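Undergrad: Let me see the structure of the following:
(2 chains)
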Amino acid sequence: MHSNVSDDELLNQMRTGDESAFIALYRRKQSLIYRFALRMSGSESIAEDVTQEVFLHLMRGSDHFDATRGSFQAYLFGIARNQVLRRLERDRTFRLVSLDGNGKDHEDGTDAPLSETLMVAGDLLGDLTRRETIESVRQAVLALPAHYREVVVLCDLHEMSYQEAADILDCALGTVRSRLHRARAILVERLQSLKTTQSSPAAAETVQVLSESFI
Amino acid sequence: MNCQEFDQILYELARSQAMDAGQRELALAHSATCQNCAARLANARSLAEGLTALAATTESQSAPSRVEETLLAAFRQRTAPAVLPAKSNVVAFPVRQSRVSFWALAAAAVLLIAFGIVAVSQWKKAPAISPTRELATVPSPSPKSENIQSAEIQSELVVATSNQSLKPVPFKKNINLSEQPNDGFLVSSSFGEFTPLANSTNAQQEIATDFLPLIYDASDQAMESGQVIRVQLPRTALASFGLPYNPERANDTVKADLLLADDGSARAIRFIR
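TA: Take a look at the predicted model:
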């Protein structure tokens, strides 16, 4: 019924109290928002809460959306991002986990020289099963600082363009590019470190502890 | 291409993203000759594969249906008209307003009860003095007559109310009895506190004005009995009744007789010199 109607038009109809428009808009966008929140937090509970809050916010203050400032989808992601960061800050459940042990992050967004281990590394995840690979990457992403994590989630997991991510994050395109570059370097470094750890006798225990801390 | 230039396009190359074909050839050629960059490219590809696999695991996930149900209920609640169904006989008030009304009514009830208790206690404490006896002790209202009868006082009041156009006296509503001891009264008003006088021993030397009505409709409520009490009040009260007074003695007091009806209301006043 609403398949050919644009987001903006659905929003206008929703503002007039059209329930079917609201349902159509929700069903069109909820999975995107839910997945974004899930990938950012690693928690289904948080993802559910955030999704609900985003659409409640839309219900209460949909007049705040300004089509001249960006797409409706970017607007929704912006709300979701704020909600996720607020939840993470409040819950403190998902503290940064330093997989390489030194806990150093270059949070200024500048590129730092890669470590020597990278220079000699081969296949990062070659020895892992598919399930272990996914779990390792997931943990490494969740361990990123939030401003790195969000660009990875948007650009690498949601496959958005730099410009789309910049619109959502309300920052310059160059900032997205540099943060993403740095975030990927950190991920490679951490996965390499994790691979090294897993080859040791304590590897299984470490993976188990990390898994529990994010579930 | 050098290592720094290679690093700039590393992840695009690893993710096989669209890029300039010539630049791609140069990058691959560089990685073939540079061991470090070849290792970085391999790691980047592994990461890209890992991220793709991670994205695929969550690609089909969506919010549970209960979220939609909750939101739909919220939407209906927001868009529902603010009226009750026709069958309902209950008048809808917002909860907050209802609570405010409740507390306002409760406060009013408490004040009413308190006022009633005070009024009853004052009434019971008031001495049951015969109007005639009380009026007989009133000092002389005029220099011509040192002993005045109650009938004279009443006639003066009646004359005053029937022959003169009464002007509103702004203090009438503010006059309240606060204490009624046997030997005097303490009356407060908007123009100051009345100081009760225990007795009037120097009545022979007094000069009094006529009784000045304190109420609008005195003509409709001619008094059959009442009490006269002697009080002191600031001299500024004279001005309130249109009488001359010396501003230099504004801090002094002046004696006055207050005529009270049986219900305790002040009906008239006269000033004594």
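
Undergrad: Low-confidence regions, chain A specifically.
TA: Residues of chain A that meet the criterion pLDDT under 70 lie in A:1, A:62-63, A:92-128, A:195-215.

Undergrad: at 80 what do you get?
TA: A:1-3, A:61-64, A:91-130, A:194-215 (pLDDT under 80).

Undergrad: Show the low-confidence segments of the stretch 101-250 of chain B, by residue range.
TA: Residues of the stretch 101-250 of chain B meeting the criterion pLDDT under 80: B:101-206, B:213-226, B:236, B:239-248, B:250.

Undergrad: If we use 70, what do you get?
TA: Within the stretch 101-250 of chain B, the ranges that satisfy pLDDT under 70 run B:101-105, B:123-205, B:215-224.

Undergrad: does A:Leu142 really touch A:Gly42, like I thought?
TA: Yes - here A:Leu142 reaches A:Gly42: they are 4.6 Å apart, a contact under Cβ atoms under 8 Å. The C-beta positions use only the backbone N, C-alpha and C, and glycine is treated the same way.

Undergrad: What are the contacting residues of stretch A:3-11?
TA: Contact with stretch A:3-11 is made by A:2, A:13, A:21-22, A:24-25, A:28-29, A:58, A:62, A:65, A:67, A:71-73, as judged by Cβ atoms under 8 Å, 6 or more residues apart in numbering or on different chains.

Undergrad: Tell me how chain A divides into domains.
TA: Domain ranges of chain A: A:7-91, A:116-214, per automatic domain parsing.

Undergrad: got a markdown table for those domains, with mean neighbour count too?
TA: Converted to a markdown table, the domains of chain A look like this (neighbours: other Cβ atoms under 10 Å in any protein chain shown):
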| stretch | mean neighbour count |
| --- | --- |
| domain A:7-91 | 19 |
| domain A:116-214 | 18 |
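
Undergrad: of those domains, which approaches B:Thr253 most closely?
TA: domain A:7-91 (67.0 Å; Cβ to Cβ).

Undergrad: gap between the closest one and the chain center?
TA: When C-alpha coordinates are averaged (Cα atoms, centre = their mean, to the nearest Å), domain A:7-91 and its chain have centres 15 Å apart.

Undergrad: Just give me how far the longest helix along chain A sits from the chain centre.
TA: Longest helix in chain A, counting residues (DSSP state H): helix A:173-198. Here helix A:173-198 is found 14 Å from its chain centre; the criterion is Cα atoms, centre = their mean.

Undergrad: what's that helix packed up against?
TA: When contacts are defined as 3 or more Cβ pairs under 8 Å, 6 or more residues apart in numbering or on different chains; DSSP states H and E, helix A:173-198 packs onto helix A:116-120, helix A:130-142, helix A:146-151, helix A:162-169, helix A:203-214, helix B:10-14, helix B:35-58.

Undergrad: now the angle from the second one to helix A:173-198?
TA: Computed by axes from the mean of the first three to the mean of the last three Cα atoms, to 10 degrees, the angle separating helix A:130-142 from helix A:173-198 equals 130 degrees.

Undergrad: Now do helix A:130-142: which elements does it pack against?
TA: With contacts taken as 3+ Cβ pairs under 8 Å, 6+ apart, helix A:130-142 sits against helix A:173-198, helix A:203-214, helix B:35-58.

Undergrad: okay if I get those as JSON lines plus distance to B:Leu238?
TA: Shown next, in JSON lines, are those (distance: least, Cβ to Cβ, whole Å):
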{"stretch": "helix A:173-198", "distance to B:Leu238": "84"}
{"stretch": "helix A:203-214", "distance to B:Leu238": "89"}
{"stretch": "helix B:35-58", "distance to B:Leu238": "92"}
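
Undergrad: Just want the phi and psi numbers for B:Ser60.
TA: phi -90, psi 0 (degrees, to the nearest 10).

Undergrad: hang on, the earlier thing: filter the contacts of stretch A:3-11 down to the ones close to chain B.
TA: Among these, the residues that sit close to chain B (Cβ under 8 Å from any Cβ of the partner chain) are A:Phe22.

Undergrad: returning to what we had before: for B:His30, which of the domains of chain A is the nearest?
TA: Of all the domains of chain A, it is domain A:116-214 that lies closest to B:His30, at 14.5 Å by Cβ to Cβ.

Undergrad: ok so, going back, for the contacts of stretch A:3-11, which one is nearest A:Arg130?
TA: A:Lys29 (30.1 Å).

Undergrad: In contact with that closest one, which residues?
TA: A:Lys29 sits next to A:Asp7, A:Gln73, A:Leu76 when contact means Cβ under 8 Å, 6+ apart.

Undergrad: ok, so of the residues you listed, who is nearest B:Arg66?
TA: Of the contacts of A:Lys29, the one sitting nearest to B:Arg66 (Cβ to Cβ) turns out to be A:Leu76, at 20.0 Å.

Undergrad: Can you list the neighbours in contact with the helix or strand containing that closest one?
TA: Per DSSP states H and E: A:Leu76 is located in helix A:72-91. Applying Cβ under 8 Å, 6+ apart, the set of residues contacting helix A:72-91 from outside is A:7-8, A:11, A:29, A:32-33, A:36-37, A:40-41, A:46, A:49-51, A:53-54, A:57-58, A:65, A:94, A:146, A:150, A:154, A:164, A:167-170.
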